[in-house]
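**Student:** with the input below, show me the fold.
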Amino acid sequence: MNIILAILIGYFIGSISFSYLIAKKIKKVDIRTQGSGNAGATNTLRVLGWGPAIAVLLLDASKGIVAVLLSYLLGAEEWVAFLAGLFAIVGHNWPIYYGFRGGKGVATTIGVFAILVFIPALISGIIAILLIVITRYVSLGSLVFMVSAPTLTFVLGYDTIHILLAAVIGLLSLWRHRTNIVRLLNGTESKIGQKKEVTS
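**Tutor:** Model (predicted):
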């Protein structure tokens, strides 16, 4: 399979912003102008509540899964499918359909990792969920997942290309969460359950 085709498939699938579409449908607002301004499941939870947030989480994760599986169906090697997943995350973060203003790619990353490095993703997901339940900081759980999954990919003996691509995805996510890291260090990060009023 052509590498450029895999990248384009991943990017165009990833560029679909379900938080934007659902917020427009339910409240007729741009999710990027509400709450934290992030086009993702956590901000959807703050602005619209649990139901829409769960829908966004699952749909965003499905983007990574579909990008990888579609690449497989078209005959891609595993590392090319991983590349399609990487660009699904890039598309989520900088979507061509919405002025290149998207989210942080956590759910889409989970989808990619769940397909390609399942055991590291599973272990990291359990750790992240426990941290979120204990601290109520979604961003902290996300950051730990993004460090833990590539690390476990290395520890569990995956091949070099998997380790490198997992590390690139992890570093990309850490960079997208740089403001969250500052707020966590300053003690000003929002906790889960802190609902934001919708402004028109």
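
**Student:** Gly85 contacts Leu116, correct?
**Tutor:** Yes: here Gly85 reaches Leu116: they are 6.6 Å apart, a contact under Cβ atoms under 8 Å. All C-beta atoms are positioned from the backbone trio N, CA, C, and that covers glycine.

**Student:** compare those two (neighbour count), which wins?
**Tutor:** Under the neighbour definition other Cβ atoms under 10 Å, Gly85 and Leu116 were set side by side, and Gly85 has more, 31 against 22.

**Student:** now the helices: where do they sit in the protein?
**Tutor:** With DSSP state H as the criterion, the chain has helices at 3-14, 18-27, 41-48, 50-73, 78-93, 106-116, 118-135, 138-155, 160-176, 178-186.

**Student:** which neighbours do Gly85 and Leu116 have in common?
**Tutor:** Taking Cβ atoms under 8 Å, 6 or more residues apart in numbering as the criterion, Gly85 and Leu116 both touch Val68.

**Student:** picking up where we left off before, indicate which one of the helices of the chain is closest to Gln34.
**Tutor:** Ranking the helices of the chain by their distance to Gln34 (criterion: Cβ to Cβ) puts helix 41-48 first, at 4.6 Å.

**Student:** check which helices and strands that closest one sits against.
**Tutor:** Contact analysis of helix 41-48 by 3 or more Cβ pairs under 8 Å, 6 or more residues apart in numbering; DSSP states H and E lists helix 18-27, helix 50-73 as its packing neighbours.

**Student:** who's in contact with the shortest one?
**Tutor:** Contact partners of helix 18-27, identified using Cβ under 8 Å, 6+ apart, comprise 29-32, 34, 39-41, 43-44, 47-48, 52, 55-56, 59-60, 98, 103, 198.

**Student:** narrow the residues you listed to those that are buried.
**Tutor:** A residue is treated as buried here by neighbour count (16 or more other Cβ atoms under 10 Å); on that basis the buried members of those are 29, 31-32, 34, 39-41, 43-44, 47-48, 52, 55-56, 59-60, 98, 103, 198.

**Student:** circling back to that earlier point, can you list the helices of the chain in CSV and add distance to Ile192 and mean pLDDT?
**Tutor:** As requested, those are arranged in CSV below (distance: least, Cβ to Cβ, whole Å; pLDDT from 0 to 100):
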stretch, distance to Ile192, mean pLDDT
helix 3-14, 25, 94
helix 18-27, 16, 96
helix 41-48, 7, 93
helix 50-73, 10, 96
helix 78-93, 21, 94
helix 106-116, 13, 96
helix 118-135, 7, 97
helix 138-155, 5, 96
helix 160-176, 18, 94
helix 178-186, 13, 95
